[in-house]
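*Asks:* Compute the structure for the input listed below.
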Amino acid sequence: MKTSSRVAEVTLGLRANWQQFWLLVLINAFVGAMVGLERTVVPLIAETEFGLVSKTVILSFIISFGVVKALANLFAGRFSDRLGRKPILIFGWLMGLPVPFLIIFAPAWEWIAFANVLLGINQGLSWSTTVIMKIDLIGPKQRGLAMGLNEFAGYLAVSLAAFMTGYLAANYNLRPAPFYPGFVFAGLGLLLSIFFVKETRSHARREAQMKEADEPPAGDHSQKMSFAQILLLTSWKDRALFSASQAGMVNNLNDGMVWGLLPIFLAQSGLAVEKIGVIAAAYPAVWGLAQLLTGALSDRWGRKWMIAAGMWVQAAGIGCFVIGSAFWTWLSGAVILGLGTALVYPTLLAAISDVAHPHWRATSVGVYRLWRDGGYAIGALASGIIADALGIPVAIAAVGGITFLSGIMVAAVMYETLPIKR
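*Replies:* Numbers count the residues shown, from 1 in each chain. This is a model prediction of the structure:
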C-alpha cells in the first residue's frame, strides 16, 4: 500500500520534474562527449601510428563498439525494468572511466578495439537509461520534445568534442592531448549519477496506472509480456515498431560509415586535419541543434512522415560526399546529413514510446536500440569490405542507397503512432 500511495503522489511532466530532467540532459551531454572524442582522431591514428591499410581492419573499432553497445542497450532496457534505472546508469559510467587511458597508452590497435568495447558498454547503458528516465519523467504528452532535448544535448556534445579533438590533434599531436578531456567527462558523469540522480521507475508506474482506464496503446498489445514477446513484437510483428527498428539500424549504419570512413576519405583527398575536424563536427552539431525543433514538431505533425523524409534527406547528404570534390561541398553534405538525422532520431524514440506500454516500455526501447546500434557494426563491416574491394566512394554511395530504401520502407509499412494523428 505504501508503494502504491507513493506512486499515486508522483506527478508527470516537464514542469513538475524540471530539475531531474535537466540534470539528465547534462549527464547525457557527457555521454555524447565520450564518443565524440573518437569521431575525428581515432581513424587517423589507425593509419598514421599503427600503419593499418585495410579499411575493414581500421573500422574494427567501430564494429566492436557497435556490437557491444547494441547488446548493452538490450540489457539496459530489460534490467532497468527489473532493477531500476539509476544502478544501470552508474555501472555504465564505471565502464567509461578507463577508455581515455586505454587510447592514450595503447601500444597496439587491439587496445583501441578493447577501449571501444568499454565505450560501447558505457554508451549503451548510460545513454539508454537517460533516455528511459526522461520518458518516465515527461509522461505521454511531450515525448517528442523530451527526446529532442535529450538527443540535442548528446549530439551537440559529440560535435563539440569532435571539433575540440581535431583542434588539439592539429596543434599538438594525435595522442595524448585530444583524449585528456575524457577523464573529466567520465568523472563528472559518474559523480552526478551517484549523488544527484533519482530513480524514476515510480513515474513509469504512475503512467501505467493512468493508462488502465484508457484505451490500450497502438497495436492493442497486452500490458504483461515476456521478454521474448517484446523482442518479437518490437523487431517484427508490430508494423510501427519494426519500421522504427529498421530505420534506426540504417541510420546508425550510415553514421558508422561517416565515423570510420569519412575522415580517411577526406584525408586522402588532401584535406587538413583541422578541416576534417570541422566537417566531423558540423554533422552532429546540426543534428543536435535541429532536434530542439524536430522533436517538438513530431508531437504536432506526427512521427511517420518525419521519419521517412529524414531518411531521404540523409541519403541526399551522403550523396554530396560522393559527387563533391571540395571542402564546401563536403561541409554542405555534412549539414544536410545532420538535418536528416535530426528529423529521424528523436522521432523514432518517440514513436517507440507511443506504442510500448509503460510496463514494458524500457525493454522495448532496449530492443529498438539493439537494432539501431547494431547498425554501427553492420555499417562499419559492410562499408569496410566494399571500400577494400571497390574504393571508398563506392562504399559511401552504397550506404546512401540503403538509406534511401529505408525511407521507402517506412513510407510503405509504418502506421502513424501519435495518438492525435491516428
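*Asks:* how about the helices in the stretch 151-300 of the chain?
*Replies:* With DSSP state H, counting those that start in this stretch, the ranges of helices along the stretch 151-300 of the chain come out as 181-195, 201-211, 227-232, 239-260, 262-268, 273-301.
*Asks:* what's the least confident stretch among those?
*Replies:* Note on the helices of the stretch 151-300 of the chain: helix 201-211 shows the lowest mean pLDDT, a mean of 81.
*Asks:* What residues of it count as buried?
*Replies:* 201-208, 211 (16 or more other CB atoms under 10 Å). From N, CA and C alone the C-beta is placed, and that goes for glycine too.
*Asks:* Check stretch 293-300 too.
*Replies:* Buried-residue list, stretch 293-300, by 16+ other CB under 10 Å: 294-299.
*Asks:* quick one: contacts of it?
*Replies:* Residues outside stretch 293-300 that contact it (CB atoms under 8 Å, 6 or more residues apart in numbering): 141-149, 151-152, 306, 342-343, 346-347, 350, 418.
*Asks:* quick revisit: let's have the helices of the stretch 151-300 of the chain in JSON lines, adding distance to residue 172.
*Replies:* Output for the helices of the stretch 151-300 of the chain, formatted as JSON lines (distance: least, CB to CB, whole Å):
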{"stretch": "helix 181-195", "distance to residue 172": "13"}
{"stretch": "helix 201-211", "distance to residue 172": "45"}
{"stretch": "helix 227-232", "distance to residue 172": "46"}
{"stretch": "helix 239-260", "distance to residue 172": "22"}
{"stretch": "helix 262-268", "distance to residue 172": "17"}
{"stretch": "helix 273-301", "distance to residue 172": "11"}
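*Asks:* Could you report the distance from the closest residue to residue 241 other than its chain neighbours to residue 240?
*Replies:* In space, and not counting its chain neighbours, residue 241 is closest to residue 234: 4.5 Å by CB to CB, 6 or more residues apart in numbering. Residue 234 sits 10 Å away from residue 240, going by CB to CB, to the nearest Å.
*Asks:* who's more crowded, those two?
*Replies:* Shown here are residue 234 and residue 240; by other CB atoms under 10 Å, residue 234 has more neighbours (27 against 23).
*Asks:* of the buried residues of stretch 293-300, closest to residue 79?
*Replies:* Of all the buried residues of stretch 293-300, the one sitting nearest residue 79 is residue 295; the distance, using CB to CB, is 26.3 Å.
*Asks:* Pull up the gap between residue 72 and residue 369, please.
*Replies:* 9 Å.
*Asks:* quick one, what contacts residue 63?
*Replies:* 376-377, 380-381.
*Asks:* now do 10 Å
*Replies:* Applying CB atoms under 10 Å, 6 or more residues apart in numbering, we find residue 63 in contact with 56-57, 113, 116, 256, 260, 376-381, 384.
*Asks:* show me where pLDDT drops low in the stretch 301-422 of the chain?
*Replies:* 421-422 (pLDDT under 70).
*Asks:* repeat for the stretch 1-150 of the chain
*Replies:* For the stretch 1-150 of the chain, applying pLDDT under 70 flags the ranges 1-8.
*Asks:* Before we move on, what's the pLDDT of residue 179?
*Replies:* If you check residue 179, the pLDDT there is 96.
*Asks:* how much space between the residue lying closest to residue 409 once chain neighbours are set aside and residue 356?
*Replies:* Leaving aside its chain neighbours, residue 409 sits nearest to residue 246 (6.1 Å; criterion: CB to CB, 6+ apart). The gap separating residue 246 from residue 356 is 17 Å, by CB to CB.
*Asks:* which of those two has more neighbours?
*Replies:* residue 356 (29 against 21).
*Asks:* Next, the more buried one: phi, psi?
*Replies:* Backbone torsions of residue 356, given as degrees, to the nearest 10, read phi -70, psi 140.
*Asks:* Equivalent analysis for residue 176, please.
*Replies:* Torsion angles, degrees, to the nearest 10, at residue 176: phi -100, psi -10.
*Asks:* Can you give me the distance of it to residue 100?
*Replies:* 9 Å.
*Asks:* repeat for residue 172
*Replies:* When distance is defined by CB to CB, residue 172 is 15 Å away from residue 100.
*Asks:* Next: residue 281.
*Replies:* Where residue 100 is concerned, residue 281 sits at a distance of 19 Å (CB to CB).
*Asks:* again, but for residue 326
*Replies:* 34 Å.
*Asks:* Comparing these two, which residue is more hemmed in?
*Replies:* The residue with more neighbours, out of residue 326 and residue 100, is residue 100; 23 against 10, by other CB under 10 Å.
*Asks:* And for residue 313, the neighbour number?
*Replies:* If you count neighbours by other CB under 10 Å, residue 313 ends up with 21.
*Asks:* can you pull out the helices in the stretch 1-150 of the chain?
*Replies:* Secondary structure of the stretch 1-150 of the chain, counting by DSSP H, counting those that start in this stretch: helices at 2-9, 18-36, 42-48, 55-58, 60-83, 85-96, 99-105, 109-122, 128-138, 143-171.
*Asks:* Out of those, which is closest to residue 338?
*Replies:* Among these, helix 143-171 sits nearest to residue 338 (CB to CB), with 8.5 Å.
*Asks:* I'd like to know which elements the closest one is packed against.
*Replies:* helix 18-36, helix 42-48, helix 128-138, helix 181-195, helix 273-301, helix 327-355 (3 or more CB pairs under 10 Å, 6 or more residues apart in numbering; DSSP states H and E).
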